[in-house]
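A.B. asks: just the structure for this:
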Amino acid sequence: MKRILAKAGIVLLAAAMPVTASAQAALEGQWTNPKRSVVVKVEPCGNAFCGTVVRASEKARKNAREGGTRDLIGTRILSGLKPAGQGRYKGKVFVPKRNMYASATVRQVGPNVMEVQGCALIGLVCDEQRWTRVGS
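C.D. replies: The predicted structure is shown next:
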């Protein structure tokens, strides 16, 4: 009985730990969207990951202003990303052009490619992009 309780405790402790080192190495870094108009820095924030815009083209900044975002640079567009198994993370995405939040699923496709999907209206409207890692 003690062995079962000890194993259960280890499993619960592992589940409560924030983000593993391998997950950090995979997701952490700077990523760009398909048009290369925005660069987002993904890093740990609390027990999850967040992504903040560090560079943006003038067109992307203009589109964000038209949507109601004062300055795209410094805007957190990914938040609360937590591991959901099989290289996926679940959290929220902010869409500056539309000034709205949506549920997000980020999936690591390879060491330098991730798919970012945002879904709104209870999953009825979804959009997906493949982001690539920006070299240091």
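A.B. asks: return the residues in contact with the closest residue to Ala104 other than its chain neighbours.
C.D. replies: Nearest non-adjacent residue to Ala104, counting by CB to CB, 6 or more residues apart in numbering: Val93, 3.8 Å away. For the C-beta atoms, the positions are set from N, CA and C on the backbone; glycine is no exception. The neighbourhood of Val93, defined by CB atoms under 8 Å, 6 or more residues apart in numbering, consists of 77-78, 101-104, 116, 118.
A.B. asks: inside strands: which ones of the residues you listed?
C.D. replies: 77-78, 101-104, 116, 118 (DSSP state E).
A.B. asks: beta partners for the residue nearest to Ala104?
C.D. replies: Leu78, Ala102 (DSSP bridges).
A.B. asks: for Gly110, see how far away it is.
C.D. replies: Distance of Val93 to Gly110, computed by CB to CB, to the nearest Å: 21 Å.
A.B. asks: one more: Ser103?
C.D. replies: 23 Å.
A.B. asks: look at stretch 90-109 and report the distance between its end residues.
C.D. replies: For stretch 90-109, the separation between the terminal residues is 15 Å (CA to CA, to the nearest Å).
A.B. asks: most centrally placed residue in the chain?
C.D. replies: Leu78 (4.6 Å; CA atoms, centre = their mean).
A.B. asks: surely that residue meets Pro44?
C.D. replies: No: taking CB atoms under 8 Å as the definition, Leu78 is not a contact partner of Pro44, at 12.0 Å.
A.B. asks: may I have stretch 64-72 as PDB, with CA atoms only?
C.D. replies: Output in PDB follows, covering the C-alpha atoms of stretch 64-72 (Å, rounded to 0.1, in the frame of the first residue of the first chain):
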ATOM      1  CA  ALA A  64      -2.900  46.500 -35.100                       C
ATOM      2  CA  ARG A  65      -3.600  50.200 -34.500                       C
ATOM      3  CA  GLU A  66      -6.600  50.000 -36.700                       C
ATOM      4  CA  GLY A  67      -7.800  47.100 -34.600                       C
ATOM      5  CA  GLY A  68      -7.400  49.200 -31.400                       C
ATOM      6  CA  THR A  69      -3.900  48.100 -30.200                       C
ATOM      7  CA  ARG A  70      -1.800  51.200 -29.400                       C
ATOM      8  CA  ASP A  71       1.600  49.600 -30.000                       C
ATOM      9  CA  LEU A  72       2.100  46.100 -31.300                       C
END
